[in-house]
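A.B. asks: Output the structure for:
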Amino acid sequence: MNAVKKIFFRFNNREQTLLLLSLWVIVLVCAFKILQSGLSLHHEWQTTQSVIEGHKMVINLKPGIDLALEKQKLEQANKSYDKTNLTNRTDALSRQVYPQRDYKELDTEERERYSQHRVRIKFARASYDAVNEFASLIRQESPYMFLSEVKIEPKYPSRPYEPTTYDALFVVSSVEFVNQ
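C.D. replies: Residues are numbered from 1 along each chain as shown. Just a heads-up that it's a prediction; the model follows:
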């Protein structure tokens, strides 16, 4: 410590002041950085705590969700459409409304407790009545069959006396519960 005092007092007043000022700036910057990292860490802890509480809430809801799924599964036993039934039923409904439709089976999305089957149906230049009637027929099949995606684009005529037609894309889905 005496060696530091000797070195410090060898400097003139201006150099001593500059050295002390530099040391205080370094101490203040270090203190600011420590405070800043402490606040950041505290904020991260609060965020993590709220995420944990959110997950706990979801976990606590699991028994109720399981009961509701089991109830829905029992209600839909032998009523929900498997992929073949969905395909046949949507094909019949779409043919009834608009025979020129384009029809394609989509991949089945398999989950732990259920499978979601999907079929895509396109109407090209169909009337509004045909589009609306098909959507209505699918809604009547609810909850065993439902529209999971609908896109409708009007095609305006080039001549004023022609009717407006619509290009419509429907994705019809059904949920089949897995037997456990």
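
A.B. asks: can you give me the end-to-end distance of stretch 152-170?
C.D. replies: Distance between the boundary residues of stretch 152-170 (Cα to Cα, to the nearest Å) amounts to 9 Å.

A.B. asks: okay, now Phe9: neighbour count?
C.D. replies: 9 (other Cβ atoms under 10 Å). The C-beta positions use only the backbone N, C-alpha and C, and glycine is treated the same way.

A.B. asks: if I look at it, how far off is Asn2?
C.D. replies: 11 Å (Cβ to Cβ, to the nearest Å).

A.B. asks: Repeat that for Leu74.
C.D. replies: Using Cβ to Cβ, Leu74 is found at 89 Å from Asn2.

A.B. asks: Then Arg113?
C.D. replies: Counting by Cβ to Cβ - Arg113 and Asn2 are separated by 78 Å.

A.B. asks: what about the longest helix in the protein?
C.D. replies: helix 13-75 (DSSP state H).

A.B. asks: How far does the helix or strand following that one sit from its chain's centre?
C.D. replies: Per DSSP states H and E, the first helix or strand lying C-terminal to helix 13-75 is helix 83-97. Taking Cα atoms, centre = their mean, to the nearest Å, one finds the center of helix 83-97 at 29 Å from the center of the full chain.

A.B. asks: what comes up buried for helix 83-97?
C.D. replies: Lys83, Asn85, Leu86, Thr87, Arg89, Thr90, Leu93, Ser94, Val97 (16 or more other Cβ atoms under 10 Å).
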